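*Asks:* when you get a sec, could you give me coordinates for this:
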Amino acid sequence: MVADIIRLGGRYELAGFLDDVRPERAGEEFEGATIVGGRDRLPRLLEAGVHDLIVAFGDCRARVDAARFAASLGFSLATAIHPSAVVAGSARLGGGTIVAANAVVNPGTDVGENVIVNTRSSIDHDCVVEDGAHICPGVTLAARVRVGELAWIGVGATVSDGRSIGKRTLIGAGAVVVRDIPDDVVAYGVPARVMRKNP
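*Replies:* Alright, predicted model coming up:
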């Protein structure tokens, strides 16, 4: 998906993919480019003139850790915005952030680094989405919502005006959040209730 966004955006040329999970795939063709190996290839890519990188998988903690490691080597974190997405001129997007097809990021919103704003999700005005969060497909955040670092807002969830979602918290698919949800929990339902700690 992110490779498609990169190509459609026309800002970057896709140099290849890294795969730490299955490094034996090195040399394999994937989505019109080559898998060049795992993260051990990063210094060579930098020497070859590749300076921008984006981490494009869903695990929030692993995504942020991988991006920070690449940045420590000297890479810049690219942003990827699908041409059909609407991002307000006064919205701020941090490096490494992905905004997928038909997503909306409204004025005054501050989106951190390495965030995924997934397909058809909507972030209304003056929201704050902290680093590494994942706003899943079809999520609606009303105005002035705060989403904590590494939080996961499940498919189709709705968060009411001014609510706060804690760090590392998981909101279940289809949940309706009408009160603040603390750090490090799993919450779901209509209305959403804290069900357990998030390990």
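*Asks:* what's Arg92 in contact with, if anything?
*Replies:* By Cβ atoms under 8 Å, 6 or more residues apart in numbering, the contact list for Arg92 reads Thr109, Asp110, Val111. C-betas here are computed from N, CA, C, even on glycine.
*Asks:* next SSE after the helix ranked longest in the chain?
*Replies:* The residue-count maximum for a helix in the chain (DSSP state H) belongs to helix 60-73. Sequence-wise, the next helix or strand downstream of helix 60-73 (DSSP states H and E) is strand 76-77.
*Asks:* chain center to the next helix or strand after that next one, what's the gap?
*Replies:* Per DSSP H and E, the first helix or strand lying C-terminal to strand 76-77 is strand 80-81. Centroid displacement of strand 80-81 relative to its chain, using Cα atoms, centre = their mean, to the nearest Å, is 10 Å.
*Asks:* in its sheet, which strands sit next to the helix or strand following strand 80-81, and in what direction?
*Replies:* Of the helices and strands lying after strand 80-81 in sequence (DSSP H and E), the nearest is strand 86-87. Next to strand 86-87 in the sheet, as set by DSSP bridges, lie strand 104-105 (parallel).
*Asks:* quick one: the strand it pairs with to chain centroid distance?
*Replies:* On Cα atoms, centre = their mean, the centre of strand 104-105 falls 13 Å from that of its chain.
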